[in-house]
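>>> could you look at this predicted model? Sequence included:
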Amino acid sequence: MEDNTEPKLSSMIDSLSEDVNTLVREHVELAKSELIENGKRFARSMWAFLFAGLFVSMATVFTLFALAYGISTRGVPVWVGFLIVSGIMLVMGVSFYFAARAQIRRIGRTNKTGESLKSTVEAFADLTSKTIDF
C-alpha cells in the first residue's frame, strides 16, 4: 500500500515544483515587460521635457529681442511680431511640458506583476490550508 502512495506524492511534488518554476518565470517576464514599457514612457517624457525647455528658451530669446526692438523703435510694430512669435513658442513649450508630465504620471500606474503575484500567493495560501488525503 505504501508503494502506491509514494509515486503519487513524488509526482505531485514534481508537478508542484514545475508549476512554481513556471509561475516564477512568468512573473519575471511580466516584470521585465513592465520595466521596458516604463523605460519607453520615461524616454518619451524626457524628449518632451527637452522640447519644452527648447521652446521656452527660444521664447525667452524672442521676448528679449522684442523688448529690445520695442524700446529702440518706440512705435514701430516690428516688436509686436516678435512678441507674437514669442507667445506661440511659449504655448508650444507649455503644451510639451503638460504632455511630458502626463507621460510621467502614467509610469507604473498599472502594476500587473504585483496583482498577479498577490493572486498567486492567495492561491497558494488556499492550497496549503486544504488537507491532502493520502
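Noted; the coordinates are in hand.
>>> alpha carbons only for contacts and neighbour counts from here, please
Fine.
>>> residues in contact with the residue sitting nearest the centre point of the chain?
With distances taken as CA atoms, centre = their mean, Ile107 lies nearest the centre of the chain, 2.4 Å away. Residues in contact with Ile107 (CA atoms under 8 Å, 6 or more residues apart in numbering) are Asn38, Arg41, Phe42.
>>> with distance to Ser57 added, can I get those residues in a markdown table?
Listed next are these as a markdown table, based on distance: CA to CA, whole Å:
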| residue | distance to Ser57 |
| --- | --- |
| Asn38 | 28 |
| Arg41 | 24 |
| Phe42 | 22 |
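>>> can you check which helix is longest in the chain?
helix 2-73 (DSSP state H).
>>> what helices or strands is that one leaning on?
Contacts defined by 3 or more CA pairs under 8 Å, 6 or more residues apart in numbering; DSSP states H and E place helix 2-73 against helix 78-106, helix 112-129.
>>> so where is the protein shaky, pLDDT-wise?
For the chain, the stretches with pLDDT under 70 are 1-7, 71-72, 74, 76, 79, 109-110, 127-134.
>>> circling back: which of the contacts of Ile107 lies closest to Val121?
If you rank the contacts of Ile107 by distance to Val121 using CA to CA, Asn38 comes first, at 25.0 Å.
>>> distance of Leu117 relative to Glu37?
19 Å (CA to CA, to the nearest Å).
>>> same check, this time on Val94
25 Å.
>>> quick one: which of the two has more around it?
Val94 (18 against 14; other CA atoms under 10 Å).
>>> wait, isn't that one in contact with Leu50?
No - taking contacts as CA atoms under 8 Å, Val94 lies outside contact range of Leu50: 11.8 Å.
>>> which neighbours do these two have in common?
With CA under 8 Å, 6+ apart, Val94 and Leu50 have no common neighbours.
>>> one step back: CSV for the helices and strands packed on helix 2-73, including distance to Thr60?
Output for those, formatted as CSV (distance: least, CA to CA, whole Å):
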stretch, distance to Thr60
helix 78-106, 7
helix 112-129, 43
